[in-house]
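Undergrad: fold the following.
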Amino acid sequence: MRNALLVVVFVVLTILAVPVVLVSALSGRGNIFLGYGTWMMRVGRRILGIDLAVEGLDRLDRKTPYVFMSNHLSFLDAPLLVQVLDRPVRFIVKRFVFRIPVLGWGMKAAGYVPLDKEGMGQGRKRIARASRMIAEKGHSFLIYPEGTRSADGTLQRFRRGGFFLALDSGAPIVPVSIRGTYELMPRRTWRVRRGPVRIVFHEPIPVSGRTPEEIPGLMERVRSIIAADLA
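TA: So this is what the prediction gives:
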């Protein structure tokens, strides 16, 4: 019943989002769309009955842009993260998502960066674009270093792209641990259960002065911090 109600509510809110997207795009103020989207996520969480516990936000500087790196268990991860963060965040997302009516238009207006699968050169261009947004506009980005949702709830191998973004922009990395979303909505299901979720924002890791040769060690450090809170 809760899932059916959520679908109906989100259809209505998505239709109402059309003028929000237009205002956001015409004014060049992407945060308008992000604010509306965050409010939608809060409505959805209340309907689904997800009990959310958050720790570590006091470790963050409100004025500092960060590269947040989280484990990825479920489609619920991003909606829950964006509504608890004390700032709007952008994502690097697969290009096909931009073709989704309303959602894709809003993400484009908000400054989300499309990800192509055309080789390493295209990936570097997207990282460079995101890095400029961090440096010039102070945007924070949320990255899933695993690249995709976990199939069994365990932490997967990390990929390097997000770490290049952090080094290129100089933005500190914030490891983020999420527990509970896999149990509520595992991969290959669209039904959401009621239950608790815990999100922990760990101490930011400075990257200023680091070189690409240090990325493997940095990857292991971030992964170890996230994994320690999931044990």
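Undergrad: just after the worst-scoring helix or strand of the chain on mean pLDDT, pick out the following helix or strand.
TA: Across the helices and strands of the chain, mean pLDDT, DSSP states H and E gives its lowest value to strand 113-115, namely a mean of 79. Once strand 113-115 ends, the next helix or strand along the chain (criterion: DSSP states H and E) is helix 120-137.
Undergrad: just the residues contacting that following helix, thanks.
TA: Contacting residues not belonging to helix 120-137 are listed as 65, 67, 90, 92, 111, 113-116, 139-141, 161, 164-165, 168-171 [CB atoms under 8 Å, 6 or more residues apart in numbering]. C-beta: built from backbone N, CA, C; applies to glycine.
Undergrad: can you tell me which residues contact residue 5?
TA: With CB under 8 Å, 6+ apart as the criterion, the residues that contact residue 5 are residue 47.
Undergrad: show me the shaky parts of this protein.
TA: The chain contains residues with pLDDT under 70 at 116-123.
Undergrad: and if we set it to 50?
TA: Residue ranges of the chain with pLDDT under 50: 118-119.
Undergrad: helices of that one, residue ranges please.
TA: All helices of the chain, identified by DSSP state H, fall at 2-27, 30-48, 77-84, 103-110, 120-137, 161-169, 181-184, 215-230.
Undergrad: distance to residue 71 for those - can I get that in JSON lines?
TA: Formatted as JSON lines, the entries for the helices of the chain read as follows, by distance: least, CB to CB, whole Å:
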{"stretch": "helix 2-27", "distance to residue 71": "24"}
{"stretch": "helix 30-48", "distance to residue 71": "19"}
{"stretch": "helix 77-84", "distance to residue 71": "8"}
{"stretch": "helix 103-110", "distance to residue 71": "23"}
{"stretch": "helix 120-137", "distance to residue 71": "20"}
{"stretch": "helix 161-169", "distance to residue 71": "13"}
{"stretch": "helix 181-184", "distance to residue 71": "9"}
{"stretch": "helix 215-230", "distance to residue 71": "5"}
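Undergrad: tell me which of those helices sits nearest to residue 199.
TA: When these are ranked by proximity to residue 199, the top entry is helix 77-84, at 6.2 Å, counting by CB to CB.
Undergrad: relative to helix 30-48, how tilted is the closest one?
TA: Between helix 77-84 and helix 30-48, the angle formed by their directions is 110 degrees, by axes from the mean of the first three to the mean of the last three CA atoms, to 10 degrees.
Undergrad: ok, residues contacting helix 77-84?
TA: The list of residues contacting helix 77-84 from outside it, by CB under 8 Å, 6+ apart, reads 34, 37-38, 41-42, 44-45, 50, 52, 54, 57, 68, 70, 88-89, 91, 142, 144, 149, 176, 178, 181, 197, 199.
Undergrad: now the nearest residue to residue 170 once chain neighbours are set aside: how far from residue 14?
TA: Nearest residue to residue 170 in three dimensions, chain neighbours excluded: residue 208, at 5.3 Å (CB to CB, 6 or more residues apart in numbering). Relative to residue 14, residue 208 is positioned 41 Å away (criterion: CB to CB, to the nearest Å).
Undergrad: neighbour count for these two, which is higher?
TA: In this comparison of residue 208 against residue 14, neighbours counted by other CB atoms under 10 Å, the higher total goes to residue 14 at 16 against 9.
Undergrad: let me see the contact set for that one.
TA: So, once contact is read as CB under 8 Å, 6+ apart, residue 14 ends up touching 102-103.
Undergrad: how does it look with 7 Å?
TA: Contacts here follow CB atoms under 7 Å, 6 or more residues apart in numbering; on that basis residue 14 touches residue 102.
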